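A.B. asks: Next comes the sequence, and after it the predicted model I'd like to discuss.
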Amino acid sequence: MNFNLKGAGLLLLTLLAWGYSTQAQSVNYSKFGKGLQFIAADSSFSLKFSTRFQFLYSGSQNEVTQEWEDRLQIRRARLKFDGFVYSPRLVYKIELGLSNSDIGSGLLRVHNQADNIILDAVAKWEMAPKLFLWVGQTKLPGNRERVISSQQLQFVDRSLLNANFNLDRDAGLQLRHEHQAGQVVLREIASISMGEGRNITVDNAGGYDYTARLEVLPLGHFTGGGDYFNSDLLREKTPKLSVAASFDYNHNTSKSRGQLGSFLSDNRSLRTIFIDGMFKYQGFSAMAEYADRKAPDGPVVAVSDTGTPTETFVTGTALNAQAGYLFKTNWEVAGRYTTVDFAEATQLLNQKQYTLALSRYVVGHSLKVQSDMSLIQTEQEHDAFQFRIQMELSL
């Protein structure tokens, strides 16, 4: 699929013109932060269009060289479409990524550049009350931090745990169910997908990917789905807790991190376990995650003449813990600790990261400025200091 910024601009202008010309035939529910929303006069379909971008400054300094390296960039730029068709029980979501960081530069096996414009393209059918079938490409039910939108994070970006071990997006089927026993809410999710990641256009080289997730909310639902956005913006009046576990088995994948990373010369099966939790109460929020990934047949694919791995799947364990407090002025302070321990056979360097963040929420997660400072300790290397500040604008 050939798509660029010029094409995105034309699409945006077309949608705006369409929205203006159809106001007489539809009901407009537009609101800042909620996008342009239209429902057909006969209620046969709805459309919500929204756009967002993140403008990021980042700089880092090595303790030895003392040289400051920095840059400005559009970290993310997105177009989002969702709504229902035919019946409110059949909804859809399409999300396109336009920035270079969104598109990526993964290479196909034939060394053509991978087309990563499409992030989400999924239909969700409520087959029965609280039982949903998802069909298409979207995020897998892996670690909580990855499923939380990049718009709704507590820090400038996700943690090192997520960077190394998340499942990301994939094309396939997901079955989701929720039920309640008294106050306790239970959610079960199962999926089967390609295992090759998003927008792969070649045949599946190995097997499929199988994921299962169980979530338990012992104190009932969070306000406004707060278990899947960071910071207690809605200031829970009573304590809320969600704990969950995910299991993923990617059979004979060819990428170094399963759905992500570079293509390797041989396939391996990967087994990944996630355990995570979210807690919120009166402006205080905390989230913790643990990841464990193994390759039962060994992660190393190729080594040099000296025995150093030249191709390896990324395996090991990681822990991420973070907490923050949102003041009534909508300023928030937060801290995060992350440690990543790679499998010894990979000879990848272990890392620890300590981060302190300060954020100002102007209109929730739709208009905010976030900054964070990190100390990054890498095994056998010198420590590094990182500073980032980012503006998020979502219409």
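C.D. replies: Sure, I can see it.

A.B. asks: mind listing what G220 touches?
C.D. replies: The contact partners of G220, taken as C-beta atoms under 8 Å, 6 or more residues apart in numbering, are Q183, V184, V185, K240. Backbone N, C-alpha and C define where each C-beta goes, glycine included.

A.B. asks: Run the chain-centre distance for stretch 295-302.
C.D. replies: Averaged C-alpha coordinates place stretch 295-302 at 26 Å from its chain's average position (C-alpha atoms, centre = their mean, to the nearest Å).

A.B. asks: Name the SS class of the closest residue to K255 other than its chain neighbours, please.
C.D. replies: In space, and not counting its chain neighbours, K255 is closest to G261: 4.6 Å by C-beta to C-beta, 6 or more residues apart in numbering. For G261, the assignment made with DSSP: H, G, I helix; E, B strand; the rest coil gives coil.

A.B. asks: got it, and S101?
C.D. replies: helix.

A.B. asks: do the same with L161
C.D. replies: Assignment for L161 (three-state DSSP): helix.

A.B. asks: check contacts around it.
C.D. replies: Per C-beta under 8 Å, 6+ apart, neighbours of L161: N143, E145, E289, A291, A318, L319, N320, T338, V340.

A.B. asks: Tell me the one among those nearest to A171.
C.D. replies: N143 (19.5 Å; C-beta to C-beta).

A.B. asks: my read is T238 is in a helix, agree?
C.D. replies: No - if the criterion is three-state DSSP, then T238 is coil and not within a helix.

A.B. asks: Quick check: pLDDT value at it.
C.D. replies: Note on T238: pLDDT of 97.

A.B. asks: What distance do you get for it to T312?
C.D. replies: Separation of T238 from T312 (C-beta to C-beta, to the nearest Å) stands at 47 Å.

A.B. asks: Pick out whichever of these two has more residues nearby.
C.D. replies: T312 (23 against 10; other C-beta atoms under 10 Å).

A.B. asks: tell me the contacts of the more buried one?
C.D. replies: S256, L264, P299, V300, V301, A345, T346, Q347, L348.

A.B. asks: So of those, which two are at opposite extremes in space?
C.D. replies: Longest span within these, C-beta to C-beta: L264 and Q347, 15.3 Å.

A.B. asks: Between those two, which has more neighbouring residues?
C.D. replies: The neighbour comparison of L264 against Q347 (other C-beta under 10 Å) goes to L264, with 19 against 13.
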